[in-house]
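Participant: Provided below are the primary sequence and the corresponding predicted coordinates.
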Amino acid sequence: MLDIKFVRENPDAVKENIKKKFQDAKLPLVDEVIELDKQARALQQEADELRAKKNAIAKQIGALMAQGKKEVAKNAARLAELEKQEPQVREELKKKMMVIPNIIDPTVPIGKDDSENVELERFGEPVVPDFEVPYHTDIMEKLNGIDLDSARKVAGNGFYYLMGDIARLHSAVISY
């Protein structure tokens, strides 16, 4: 997830990055995130000011008993409202931030899919067997060890979740 400060200070760079990933539908999210961040910061600032005011009045309460209680009660009600709103706005902000893609490294060539990848270096000549080699995701699908659809919804094409025995095998190999 990108840093909100980066998004706030560089909205054009974030939008350009989204375009490079061919995810134009996510472009409005940048403006929505900036607006939600502005709201969240305003709510937090107002809540902080009310807390400071409440503390100052509490210190002066002896001299201003009647007036102080009314103001403290009024501020307490508003503070409670702000403390209820702030987490909701922050949660919505976080949800939208999670959808905005990370920044692409400047050295990465831009292409629609992996067919446009650039080969940088090759070691030896590839060996081609005399039989058809199945793709690893096909093998895992036959063994019920992969969830492509859920991963596609979360991270896009080319990602998968390991399940069951395949996940245990993966964990064992890493542990070994």
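Facilitator: The structure has been received and is ready for your questions.
Participant: Tell me which other helices or strands the helix or strand of the chain with the lowest mean pLDDT touches.
Facilitator: Taking mean pLDDT, DSSP states H and E as the measure, the chain has helix 65-99 as its least confident helix or strand, at a mean of 80. With contacts taken as 3 or more CB pairs under 8 Å, 6 or more residues apart in numbering; DSSP states H and E, helix 65-99 sits against helix 4-9, helix 27-60. Glycine gets a C-beta too; all of them are placed from N, C-alpha and C.
Participant: Mind telling me which of those helices the model trusts least?
Facilitator: With a mean of 87, helix 27-60 has the lowest mean pLDDT of the helices and strands packed on helix 65-99.
Participant: what helices or strands is that one leaning on?
Facilitator: Counting by 3+ CB pairs under 8 Å, 6+ apart, helix 27-60 packs on helix 4-9, helix 11-20, helix 65-99.
Participant: residues of it that come out buried?
Facilitator: Neighbour counts over helix 27-60 (16 or more other CB atoms under 10 Å) mark 29-30, 33-34, 36-37, 39-40, 43, 46-47, 50, 57 as buried.
Participant: swap in stretch 163-172?
Facilitator: Within stretch 163-172, the residues that count as buried by 16+ other CB under 10 Å are residue 166.
Participant: just how off-centre is that stretch within its chain?
Facilitator: 27 Å (CA atoms, centre = their mean, to the nearest Å).
Participant: go on, stretch 6-17?
Facilitator: 14 Å.
Participant: Tell me the buried residues in that stretch?
Facilitator: 7, 10, 14-15, 17.
Participant: Which among the helices and strands packed on helix 65-99 is found nearest to residue 108?
Facilitator: Among the helices and strands packed on helix 65-99, helix 4-9 comes nearest to residue 108, with 18.2 Å by CB to CB.
Participant: what separates that closest one from the chain centre, distance-wise?
Facilitator: Using CA atoms, centre = their mean, the offset of helix 4-9 from its chain centre is 13 Å.
Participant: try stretch 39-57
Facilitator: Distance, centroid of stretch 39-57 to centroid of chain: 27 Å (CA atoms, centre = their mean).
Participant: Keeping just the C-alphas, turn that stretch into PDB.
Facilitator: Output of stretch 39-57 as PDB, limited to C-alpha atoms (Å, rounded to 0.1, in the frame of the first residue of the first chain):
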ATOM      1  CA  GLN A  39     -11.700  14.800   6.000                       C
ATOM      2  CA  ALA A  40      -9.900  12.500   8.400                       C
ATOM      3  CA  ARG A  41      -7.200  15.100   9.200                       C
ATOM      4  CA  ALA A  42      -9.900  17.700   9.700                       C
ATOM      5  CA  LEU A  43     -11.800  15.400  12.100                       C
ATOM      6  CA  GLN A  44      -8.700  14.600  14.000                       C
ATOM      7  CA  GLN A  45      -7.700  18.200  14.300                       C
ATOM      8  CA  GLU A  46     -11.100  19.300  15.500                       C
ATOM      9  CA  ALA A  47     -11.100  16.400  18.000                       C
ATOM     10  CA  ASP A  48      -7.700  17.400  19.300                       C
ATOM     11  CA  GLU A  49      -8.700  21.000  19.700                       C
ATOM     12  CA  LEU A  50     -11.800  19.900  21.600                       C
ATOM     13  CA  ARG A  51      -9.700  17.700  23.900                       C
ATOM     14  CA  ALA A  52      -7.300  20.600  24.600                       C
ATOM     15  CA  LYS A  53     -10.200  22.900  25.300                       C
ATOM     16  CA  LYS A  54     -11.800  20.300  27.600                       C
ATOM     17  CA  ASN A  55      -8.600  20.000  29.500                       C
ATOM     18  CA  ALA A  56      -8.200  23.800  29.800                       C
ATOM     19  CA  ILE A  57     -11.700  24.200  31.000                       C
END
